[in-house]
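*Asks:* After the sequence you'll find the predicted model.
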Amino acid sequence: MTILVTGATGNVGRHVVDRLHKAGKQVLALTRNPEKARMPDGVEVVQGDLFTPETLSPVFARADRIFLVTVGGEEYSPLPGHAIIQLAEEYNVQHITVVWSGEKGSVEQAVEASGIAWTQLHPVEFMANAIDWSDSIRAEGVVREAFGNSLSALIHEADIANVAVRTLLENGHTGKTYTLSGPEVLTVREKVQIISAVMERDIQFIELTEKQARARMQKENIPEEHIEMVINWFTDPPKMAYTVVPTVEKITGQPARTFKQWVRDHLHVWKVIDNDNGESDNDNRGS
């Protein structure tokens, strides 16, 4: 069995590649920049781009199963979904596991309409989003964010990968869509408190106003319609975003990881920079 992993250098894809490789499966790790992929020995890195399906024929021709990452919703990721799935059908791909967030997009719709066996994974907020705070934490010991009391049942990317691998290797998951969450519901304030406790460093949370949050996104050249969607999400989040579900443990047999564990796993992200010499004064590492 040969399994193609798209998004192989991403937060989830790297875990999927590693677990499949350790399980003894032949893995094709898809990336636009193979020279920067840094994959485990024995993993074949292949070049391709989901946005240009014509680059995918050589790798789809070799794949029995595909792990496919999208972000859902055409407004965020206008992937040519029908072309991608049509190509998979042409090369007789047996199964596709799709990971998506946000709204269902063309990839998810096309795979449901295809004759290919499929499983869809719909995680809530990724714990890895907290990496966005790393610069201000390292430099100032501060997190600036709006909607400090917004709730999230965020999930560790390794748990998403573990579920994905099960759906690729086991029977019984065809035609199912699994919502994935972590084991707890946290506010933004509580996330910052957990980072502070694990680092043993006082990290201040400064809550931005909605106006300040909009201005920051505008400065980052985020389109207005996307800004409006983000604001609406945090002011009136869907129930799914802050509901704990037992899917990870039911499928993998292991409880979902906590945010505290995620922070420990990523201590290298929070290294404090010494402004005098450019070196880190916090050399802790996650295990």
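*Replies:* Cool, got the structure.

*Asks:* Just the buried positions in stretch 35-55, please.
*Replies:* 37, 39, 43, 45, 46, 48, 50, 53 (16 or more other Cβ atoms under 10 Å). For glycine as for every other residue, the C-beta is placed from the backbone atoms N, C-alpha and C.

*Asks:* Quick check: the first one vs residue 8, distance?
*Replies:* Just to be clear, that refers to residue 37. Distance of residue 37 to residue 8, computed by Cβ to Cβ, to the nearest Å: 7 Å.

*Asks:* so what sits against both of the two?
*Replies:* Common contact partners of residue 37 and residue 8 (Cβ atoms under 8 Å, 6 or more residues apart in numbering): 29, 31, 45.

*Asks:* For the second one, give me its contacts.
*Replies:* Translated: residue 31. 8, 9, 37, 45, 46, 47, 48.

*Asks:* From those, pick the one nearest residue 188.
*Replies:* residue 9 (27.7 Å; Cβ to Cβ).

*Asks:* Settle this for me: the closest one is touching residue 34, isn't it.
*Replies:* No: Residue 9 lies out of contact with residue 34 (Cβ atoms under 8 Å); the separation is 9.6 Å.

*Asks:* between these two, which one's more packed in?
*Replies:* residue 9 (19 against 16; other Cβ atoms under 10 Å).

*Asks:* Backbone dihedrals for the more buried one, both of them.
*Replies:* Dihedral pair for residue 9: phi -100, psi 10, per degrees, to the nearest 10.

*Asks:* need the contact list for the residue nearest to residue 204 when sequence neighbours are not counted.
*Replies:* Nearest non-adjacent residue to residue 204, counting by Cβ to Cβ, 6 or more residues apart in numbering: residue 142, 4.9 Å away. With contact taken as Cβ under 8 Å, 6+ apart, residue 142 is in contact with 136, 203, 204, 205, 206.

*Asks:* For the fourth one, grab the count of nearby residues.
*Replies:* Applying the criterion other Cβ under 10 Å, we find 19 residues in the vicinity of residue 205.

*Asks:* what's the helix or strand for the closest residue to it other than its chain neighbours?
*Replies:* Closest residue to residue 205 apart from its sequence neighbours, by Cβ to Cβ, 6+ apart: residue 192 at 4.5 Å. If you go by DSSP states H and E, residue 192 is part of helix 188-199.

*Asks:* next one: residue 166
*Replies:* helix 157-169.

*Asks:* and that helix, average pLDDT?
*Replies:* Average pLDDT, helix 157-169: 98.

*Asks:* And whichever helix or strand comes after that helix, what does it pack against?
*Replies:* Scanning forward in sequence from helix 157-169 by DSSP H and E, the next helix or strand is strand 176-180. Strand 176-180 sits against strand 117-123, helix 157-169, helix 247-252, with contacts defined as 3 or more Cβ pairs under 8 Å, 6 or more residues apart in numbering; DSSP states H and E.

*Asks:* got the CA positions of strand 176-180 in PDB?
*Replies:* Extracted C-alpha coordinates of strand 176-180, given in PDB (Å, rounded to 0.1, in the frame of the first residue of the first chain):
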ATOM      1  CA  LYS A 176     -18.100   9.100   7.800                       C
ATOM      2  CA  THR A 177     -17.400  12.600   8.900                       C
ATOM      3  CA  TYR A 178     -15.800  12.900  12.300                       C
ATOM      4  CA  THR A 179     -15.800  16.100  14.300                       C
ATOM      5  CA  LEU A 180     -12.600  16.300  16.400                       C
END
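
*Asks:* Alright, calling it a day.
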